[in-house]
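Asker: structure, please.
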Amino acid sequence: MGYVFSRNIIIFALYLKFVSYKQTCMTAIIVLNWNGADDTLACLNSLMKADGDFRIYVVDNGSSDDSVSRIETWIGEHKKLDARLIALDRNYGFARGNNKGIAVAGQDTPDSYLLLNNDTEVSPDFLVSLQAFSKRNPQYRILTPKINYFYDKQKVWNCGGKLLFGFRKYYCSEQPDMAVRETDHLSVSFVTGCALYFYPELLDEQNRLLTERFFFGEEDFELSLRMKKQKVQMACVLNSLIYHKVGASGNKMYGLGKVYMHYLNRFIDIRINKSGLFYYTWALVNLPFCIKHFYMSSHSLSRTLLLMKRLWKDARIKEGVSKEDFEALVIDNTYFV
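Answerer: This is a model prediction of the structure:
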């Protein structure tokens, strides 16, 4: 009798432990790396100090340097941190690389996901603040922390933002950190891909969150357009804080090719996600900005007009901007040849 009683007590205790484990909020944190081990290791070092229940999936996007070996060594030396490396065979771009990380992480059935840029560092309570806010406010299915500049930690980069007539406006951008304390959150209609906390039900049938139409850039704008259309509520949690080395992940890109790619991404995105009337009206409003930026990059009025003609044609017939387009525009400078 005593044996049976003791056994039942043990079984009940194990059951309670299991229930307690299932009620914890395990978050899968996806960190994408491409030739950026220094930033990635700094990000991981900051996550070492973070509170909360999480597992890290570092996705190496086909780096051509020693990133894989350095990250593997670091993870091996820091077993206290629950982290693993997923080494991809080539560079799949930002969206697809993150989606591949989500697919692998999904095998561990996390309660939530967080896409985190490798050129960020986090405050210790950033994740528990997101998790706690989410429990109190389950209507919000996508969250973002307040994001300050890494090199000027008392200045806000953004607190999410809003979409208005196909344009994005950041909230609280360039404000002193102390000025952003009036409430615990802001409802937003735009979230940056720098730090995205979301729930599994937002994944499509192929377990993807981000569109793979665009090899680099535009994925957060497209996601925000899509979530707004689907009436998914999003918020910035102001007591959750990270620091971003703004521009570090794309600092190898500049010049005319980058400007053209930005506008081509955006024109395709708006054409696909909005009605024809909206698209053409929006495009006409954008013409002066395109002309200005093309002229500033090319220093030629005739070249600017040719670029506008090419953009109008490409945006009408293309369904996305591929890796080949990206390389021709930004790396090889052969797109207009």
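Asker: C-alpha only now, for contacts and for neighbours.
Answerer: OK.
Asker: so is the most centrally placed residue in the chain in a helix, a strand, or just coil?
Answerer: Central residue of the chain (C-alpha atoms, centre = their mean): Gly193, 2.3 Å from the mean position. Following DSSP: H, G, I helix; E, B strand; the rest coil, the label given to Gly193 is coil.
Asker: point out where the stretch 1-150 of the chain drops to low pLDDT.
Answerer: For the stretch 1-150 of the chain, residues meeting the criterion pLDDT under 70 lie at 1-25.
Asker: let me see the ranges of the helices in it.
Answerer: Remark: helices assigned in the stretch 1-150 of the chain by DSSP state H, counting those that start in this stretch are 2-23, 37-48, 67-77, 93-106, 126-136.
Asker: and if you look at the stretch 151-300 of the chain?
Answerer: Here the stretch 151-300 of the chain has its helices, by DSSP H, counting those that start in this stretch, at 219-229, 256-273, 276-298.
Asker: out of these, which gets nearest to Thr334?
Answerer: helix 256-273 (9.5 Å; C-alpha to C-alpha).
Asker: who does the closest one touch, helix- and strand-wise?
Answerer: helix 219-229, helix 276-298, helix 301-317 (3 or more C-alpha pairs under 8 Å, 6 or more residues apart in numbering; DSSP states H and E).
Asker: mean pLDDT, distance to Phe126 and mean neighbour count for the ones you listed - can I get that in TSV?
Answerer: Below are the helices and strands packed on helix 256-273 laid out as TSV (pLDDT from 0 to 100; distance: least, C-alpha to C-alpha, whole Å; neighbours: other C-alpha atoms under 10 Å):
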stretch	mean pLDDT	distance to Phe126	mean neighbour count
helix 219-229	96	21	19
helix 276-298	95	37	15
helix 301-317	96	39	15
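Asker: could I get those helices as JSON lines with distance to Ala132?
Answerer: Formatted as JSON lines, these follow (distance: least, C-alpha to C-alpha, whole Å):
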{"stretch": "helix 219-229", "distance to Ala132": "22"}
{"stretch": "helix 276-298", "distance to Ala132": "39"}
{"stretch": "helix 301-317", "distance to Ala132": "42"}
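Asker: so which of those helices is nearest Asp177?
Answerer: Nearest of these (C-alpha to C-alpha): helix 219-229, 23.8 Å.
Asker: for that closest one, name the packing helices and strands.
Answerer: helix 256-273.
Asker: could I get the helix it packs on in PDB with only the CA atoms?
Answerer: Extracted in PDB, the C-alpha atoms of helix 256-273 (Å, rounded to 0.1, in the frame of the first residue of the first chain):
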ATOM      1  CA  LEU A 256      22.800  53.200 -58.000                       C
ATOM      2  CA  GLY A 257      22.200  49.500 -58.000                       C
ATOM      3  CA  LYS A 258      21.000  49.600 -54.400                       C
ATOM      4  CA  VAL A 259      18.700  52.600 -55.100                       C
ATOM      5  CA  TYR A 260      17.200  50.900 -58.100                       C
ATOM      6  CA  MET A 261      16.700  47.600 -56.200                       C
ATOM      7  CA  HIS A 262      14.900  49.500 -53.400                       C
ATOM      8  CA  TYR A 263      12.400  51.100 -55.700                       C
ATOM      9  CA  LEU A 264      12.000  47.900 -57.800                       C
ATOM     10  CA  ASN A 265      11.200  45.900 -54.600                       C
ATOM     11  CA  ARG A 266       8.700  48.500 -53.500                       C
ATOM     12  CA  PHE A 267       6.900  48.900 -56.800                       C
ATOM     13  CA  ILE A 268       6.500  45.200 -57.200                       C
ATOM     14  CA  ASP A 269       5.300  44.800 -53.600                       C
ATOM     15  CA  ILE A 270       2.700  47.500 -53.900                       C
ATOM     16  CA  ARG A 271       1.500  46.200 -57.300                       C
ATOM     17  CA  ILE A 272       1.000  42.700 -55.900                       C
ATOM     18  CA  ASN A 273      -0.600  43.700 -52.600                       C
END
